[in-house]
Structures are given as C-alpha cells and as structure tokens.
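Asks: give me coordinates for this.
(4 chains)
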Number of protein chains: 2
Amino acid sequence: MTAPRLLLVEDDPALAELLEFRFRNEGYQVQVTPDGDEALLLAAEEAPDLVVLDWMIEGTSGIEVCRRLRKGKTTAHVPIIMLTARGAEDDKVRGLDTGADDYLTKPFSPRELIARVNAILRRIRPALAGEVLTVGDLSLDAVAHKVTRSGKVVALGPTEFRLLRHFMEHPGRVFSRGQLLDAVWGSESEIELRTVDVHIRRLRKGIEAEGAIDPVRTVRSAGYSLEAN
Amino acid sequence: MTAPRLLLVEDDPALAELLEFRFRNEGYQVQVTPDGDEALLLAAEEAPDLVVLDWMIEGTSGIEVCRRLRKGKTTAHVPIIMLTARGAEDDKVRGLDTGADDYLTKPFSPRELIARVNAILRRIRPALAGEVLTVGDLSLDAVAHKVTRSGKVVALGPTEFRLLRHFMEHPGRVFSRGQLLDAVWGSESEIELRTVDVHIRRLRKGIEAEGAIDPVRTVRSAGYSLEAN
DNA sequence: GCGAGTTGTCACGCAACTGTCACACAAGCT
DNA sequence: AGCTTGTGTGACAGTTGCGTGACAACTCGC
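Replies: Residues are numbered from 1 along each chain as shown, chains lettered A, B, ... in the order given. Presented below is the predicted three-dimensional model:
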C-alpha cells in the first residue's frame, strides 16, 4: 500500500486537470478518465481507494457506473463521491439510492471536495489518509508500510500488518474473532475462527520488546484489543 | 457477543450492501434481507437490537412488518427506523402511527442514518452505543470491555461483566434471580436460581474497594440491585 | 523450478471460569 | 427463644477458552 489511489471520472478537461493537480498536491495517486466505461475498466483492474464521479459523463452514465462499482466484488465498498449539476435534485435521490457516499453540487470549490475526500478516507481507513498511526510506543506508517516499536523497525507478515493496522485504527476497542475476520480477511472469507488466535500470536511475537508489556490484550470470551498505553 | 445486532430490511442491493458495510464498520452485527417475510422470521428467531426498515420492499410491506414486529412478544420494543420515499408524507404519518421510532426520507446520507441509529441506541441501550456507563464510582466501557472503580481498573470474569453491565444499564432497579438469568444468561438457560447468588458474590468480590461500601444491594425475597450512590 | 517466507489448521495442555452443593449465617415471624 | 425462610460463603469437579508448537500447502521473487 502506498499513497491513496483516487479515480477521478470527469469529462470537463479544465476541471479534470485542476482537480488532478490539486489531489496530486495532496499526496494522492490519481487516475483520470472522462469516460464511464474506461472508469469501470480501471477500477476493475485495481480497486481504487476512492472514486470521484461526475454525473454527466461520456459512455456509461455516472449513475450506472456507480451501480456497477457497487456490484463488483472488489469495488463494492469503495467510497464514491458524486458531482452533480446544480439543482438536479433528482440526481441526488438516485445518486444516494445507488450507493454514493456523498455528493457535491457544481459549482464547488476544489478545497471543499478535497476536504470531503479526506474526511471520508479518514473515516473509512485512517491509515490511508496519509497519517502515521500511533498507539503507545507503536507507530504504523501505512504509506511506507512500516511499523516501529519505540523507534525500532519491526518486521511483520502481510496479514499481521493488516491486523495491527486494524487494531491501531480502533485502539482500545475489543473485536471478536468474527469481526477481525471480516475486517482483516474480508467478509467473504471462510476461515476458521481459531486461526485468528494464531495470527494474534504471530503479531505478538513480531512486536514483542524487551521489558515492555504486550499491548495486545486477550478478553476472554470476547476477543482481542490493542491497549492504548 | 457484545456488538449490537441490527436487522436491515432493504431491497435495493446496492444500498443494502453499502449500509451493511458502513454499519459493520461501526461495529454492528448486521443481518440483511430484501424480503419482509424473511425479516419477520429472522427477527422472531432472535430479536435484534434495532431494525432499519425500507417502506417499499418485497413480500409483506414495510408497514405490515412494522406492525407485526410490534405484536411479537420478543420484538415489541425493538426500535424501528423507517426509510421512506421522498415526499411520501402519508407514509410518515402511518409509519409513526404503527410504531416506528424514527424515519428518514430518501435520499439520505449513510452518515445521517448511522447517526440516528446511534442516537436511538444510546437512548435504549447505552452500553451498546459505545457509551461509557457510570454509576457512582463505577464506570464500564462496553466497547473496550473495561471496568474501573474510582479510576482503578477492575478484573471481572465474563459472566460478572455481563451481570454488572446489566445492572449499570438499569441502576437502582431491583431484579429477581429469574430476571437476571433471562437477561444475563439468556432466556433458554436452565440454571439453578441460586447460582445467581454465587455470581453476585463474585461480582462483589471483584469490585470491592478499601473503605468503600458495597454498591450491590440485596433485597430480601426480591432480588438484587445496584445502588446509584 | 527452487528456496524462503507466509498461511491456515490441528492437537495438546494449561489456566480460568462455571455451576452446584453443603453448611453457616442473618432476618423475619409467633 | 425457637422456628422458618432466605442469603453468604468456601470448596470442588467439570467445562470452556486460549496459547503454543508443529506441519503441510501455498505464494512469490529469483
């Protein structure tokens, strides 16, 4: 995982260029296309972290793109911000109906769009908003894909990394094994509940440090949590 | 499991999936169905903590589902949020008439729905809404699964935790042993009434503090209660 | 194709928890 | 006081839940 990937679907070249520039400036990795069909292709290739979607675009209409994104397995949960023409109230209706997360009516200030994109990413996936998560003596940089404990770099496997990231996105909170499977493995996974134990153990082993207490707390008959202190 | 259980009745697949994902993210345990009859079955099986109900659904209509939920013994007080089409004023009236607790007109932002669900849950069952319960010098954080007395963390077994949570959700109220068994152990459990005594004792032992009086009150020939002071 | 790293599962053992009992004790009644 | 009824308590056997090491299958870069 690197910079958050953003897919911008906008057919006004001037606006597209402006937004692309601004988002790149914000540290996003941006893909731009004026065309709905191409947008779907790009999204299918590799699911972006967020989609900014103009209502009136060439090829497949914005609403249809929205609907198909929701149907795609890998893109079903990707947040979508719709851009609609001013006063097109019906668009709002259908936009949210088909699962857009937020919408902006033109004209809007680029700043506001960026603010909303940041807000949504922070809410959905704090680690993607370019933040370095810190809990106690642990810190996790999702962009650099690096974890340190008390400044020392720690090596973790991919799964342990995602597991730790999820814990650090919700410090102190207790998650059941089922919730962890949903969040870290994906809700479709058919994995033994007890497998979580094993990865918890590997995570513990990975981040253990001399003279420091284990920040991963076992809550009997409930699950696990990452302790803030 | 401590996650609040939510039943979502929505026949638009895209919206349903979006909402399911959002609520999962908020820590809810979600069941989804597009069908009114199935919704009733699911609710009858195990009563959810809250129902989000679309007005226009397959099978039995939303309003009918609402009415039947209110008739069901176990589902009578389950809060219901109705989703209605825009401007369908009559629906609002009838929705509230039949006992919906709140309604949202489409389009709505997922954020707003989540806010209302949280608000209602806070009212009905504070411990489920990520709230920290406080009674006297005791405080209980259901999400972090932590209990403190006068700021000091207290260790409790799973059953004692649930027992205390139940008391703190209804401070001052006296519960018979039978009621406690229903609420804490589950209505199906076939457990000796006197076993409650033992767990009350373990709870007392767990939360006892130097120079502080025991907040668990024994009401002879009636049951137990947690005293507010 | 090969080796290092990663992943999911299992079986075993231990520690914590649970439900029950018997008996001691307290509270109300006549 | 005596009696009756209801509650506190310590002990205990059975159960549950979790940690752990081992292992085969798998992935991926080379």
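Asks: any weak-confidence spans in chain A?
Replies: Counting by pLDDT under 70, chain A shows low-confidence ranges at A:1-3, A:58-60, A:70-77, A:85-100, A:106, A:123-131, A:187.
Asks: what residues does it have near DNA strand C?
Replies: When proximity is defined as Cβ under 7 Å from any atom of the strand, chain A approaches DNA strand C at A:155, A:157-160, A:185, A:189-192, A:194-195, A:198-199, A:202, A:220-221. (C-beta placed from N, C-alpha, C; glycine too.)
Asks: what about DNA strand D: which of those residues touch it?
Replies: The subset of the residues of chain A next to DNA strand C within reach of DNA strand D, counting by Cβ under 7 Å from any atom of the strand, consists of A:194, A:198, A:220-221.
Asks: now a ChimeraX select for only the buried ones of the residues of chain A next to DNA strand C.
Replies: Typed into ChimeraX, the line below selects the buried ones among those, using 16 or more other Cβ atoms under 10 Å in any protein chain shown:
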select /A:160,185,199
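Asks: which strands or helices does the lengthiest helix in chain A pack on?
Replies: For chain A, the helix with the greatest residue count under DSSP state H is helix A:110-124. For helix A:110-124, the contact count by 3 or more Cβ pairs under 8 Å, 6 or more residues apart in numbering or on different chains; DSSP states H and E identifies helix A:13-25, strand A:50-54, strand A:80-84, strand A:102-105 as packing neighbours.
Asks: pull up the pairing partners for the second one, direction included.
Replies: Going back to what we said before, that points to strand A:50-54. strand A:5-9 (parallel), strand A:80-84 (parallel) (DSSP bridges).
Asks: export those strands to TSV and tack on distance to residue B:214?
Replies: Shown next, in TSV, are those (distance: least, Cβ to Cβ, whole Å):
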stretch	distance to residue B:214
strand A:5-9	58
strand A:80-84	55
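Asks: can you redo those as TSV with mean neighbour count and distance to DNA strand D?
Replies: Below are the strands paired with strand A:50-54 laid out as TSV (neighbours: other Cβ atoms under 10 Å in any protein chain shown; distance: least, Cβ to the nearest atom of the strand, whole Å):
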stretch	mean neighbour count	distance to DNA strand D
strand A:5-9	25	18
strand A:80-84	24	28
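Asks: ok, the residue in chain A that DNA strand D sits nearest to - contacts?
Replies: Using Cβ to the nearest atom of the strand, residue A:218 is the residue of chain A that sits closest to DNA strand D, at 3.5 Å. With Cβ atoms under 8 Å, 6 or more residues apart in numbering or on different chains as the criterion, the residues that contact residue A:218 are A:200, A:224.
Asks: Three-state assignment for it, please.
Replies: State at residue A:218, reduced to three classes by DSSP: H, G, I helix; E, B strand; the rest coil: strand.
Asks: from residue B:76, how far out is it?
Replies: Distance of residue A:218 to residue B:76, given as Cβ to Cβ, to the nearest Å: 38 Å.
Asks: need the CA coordinates for stretch A:29-37. CSV is fine.
Replies: Extracted as CSV, the C-alpha positions of stretch A:29-37 are listed here (Å, rounded to 0.1, in the frame of the first residue of the first chain):
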residue,chain,number,x,y,z
GLN,A,29,-2.2,8.9,-6.7
VAL,A,30,-4.7,10.0,-9.3
GLN,A,31,-6.2,8.3,-12.3
VAL,A,32,-8.3,10.4,-14.6
THR,A,33,-10.7,9.5,-17.3
PRO,A,34,-13.6,11.3,-18.9
ASP,A,35,-15.3,8.0,-19.8
GLY,A,36,-17.6,5.9,-17.7
ASP,A,37,-16.7,2.6,-19.4
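Asks: so where do the helices sit in chain A?
Replies: According to DSSP H, the helices that chain A contains are A:13-25, A:36-45, A:62-71, A:89-97, A:110-124, A:158-169, A:177-180, A:195-207.
Asks: okay, these in CSV with distance to residue B:122 next?
Replies: Shown next, in CSV, are the helices of chain A (distance: least, Cβ to Cβ, whole Å):
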stretch, distance to residue B:122
helix A:13-25, 37
helix A:36-45, 37
helix A:62-71, 30
helix A:89-97, 25
helix A:110-124, 19
helix A:158-169, 23
helix A:177-180, 21
helix A:195-207, 30
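Asks: next one: the longest helix of chain A to chain centre, how far?
Replies: 12 Å (Cα atoms, centre = their mean, to the nearest Å).
Asks: quick one on the thing from earlier: out of the helices and strands packed on helix A:110-124, which is closest to residue B:16?
Replies: Evaluated over the helices and strands packed on helix A:110-124, closeness to residue B:16 peaks at strand A:80-84, with 15.6 Å, by Cβ to Cβ.
Asks: in contact with residue A:220, which residues?
Replies: By Cβ under 8 Å, 6+ apart, the neighbours of residue A:220 are B:157-158.
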